[in-house]
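Asks: build me a model from this:
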Amino acid sequence: MFNTIVALGYLVKDPEIKQTQSGKSICMMRVCVSENNAKTKCFIDCEAWDKTAEACGKFLKKGREVLIEGELCMSSWTNKEGVEQVFNTLSIWKVDVIGGNATAPVSEIPHDDELGF
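Replies: I've put the predicted structure just below:
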């Protein structure tokens, strides 16, 4: 089975960087992939890890157009009321900044093959 998603869209807020208990960096961001004049909008919650996360947090800002590539992941848990909750994210391994006014060259955001995974 092949689980790869490629999407072009705009960041709807600044990326948020956090550290796991083991010290790994994780960057959470949300991308809108709908046309500007679409009646309904499609939002994708994304996460990047380690060096890619740090670079995204440093170079990406709300409103930036990005081309993202990653794997669809699903998390599930039971809330306090006993109802099962499901959350889908795109675990990103590649990010390209689109447009001429990027704050960093595309080459400065490490891709999966540069990270040694």
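Asks: which parts of the chain are strands?
Replies: 5-11, 16-19, 25-32, 43-49, 65-78, 84-98 (DSSP state E).
Asks: off-centre distance for the first one?
Replies: Which is strand 5-11. Centroid separation for strand 5-11 versus its chain: 9 Å, with C-alpha atoms, centre = their mean, to the nearest Å.
Asks: which one's the longest helix in the chain?
Replies: Identified as the longest helix of the chain according to DSSP state H is helix 50-59.
Asks: so where is this structure shaky, pLDDT-wise?
Replies: 1, 100-117 (pLDDT under 70).
Asks: let's see it at 90
Replies: 1-3, 34-41, 59, 98-117 (pLDDT under 90).
Asks: middle-most residue in the protein, spatially?
Replies: The residue lying closest to the centre of the chain (C-alpha atoms, centre = their mean) is Cys46, at 3.1 Å.
Asks: quick check: that one touching Asn88?
Replies: No - if you go by C-beta atoms under 8 Å, Cys46 and Asn88 don't touch, sitting 10.5 Å apart. Backbone N, C-alpha and C define where each C-beta goes, glycine included.
Asks: excluding chain neighbours, what is closest to the residue nearest to the centre of the chain?
Replies: Leu90 (4.6 Å; C-beta to C-beta, 6 or more residues apart in numbering).
Asks: any idea how many residues pack against that neighbour?
Replies: Each residue near Leu90 was counted by other C-beta atoms under 10 Å, and the total is 21.
Asks: isn't it up against Leu72?
Replies: Yes - with contact defined as C-beta under 8 Å, Leu90 and Leu72 form a contacting pair (6.0 Å).
Asks: joint contacts of these two?
Replies: The contact sets of Leu90 and Leu72 overlap at Ile5 (C-beta atoms under 8 Å, 6 or more residues apart in numbering).
Asks: that older thread, adding distance to Lys58, write the strands of the chain out as JSON lines.
Replies: Listed next are the strands of the chain as JSON lines, based on distance: least, C-beta to C-beta, whole Å:
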{"stretch": "strand 5-11", "distance to Lys58": "14"}
{"stretch": "strand 16-19", "distance to Lys58": "9"}
{"stretch": "strand 25-32", "distance to Lys58": "10"}
{"stretch": "strand 43-49", "distance to Lys58": "12"}
{"stretch": "strand 65-78", "distance to Lys58": "14"}
{"stretch": "strand 84-98", "distance to Lys58": "12"}
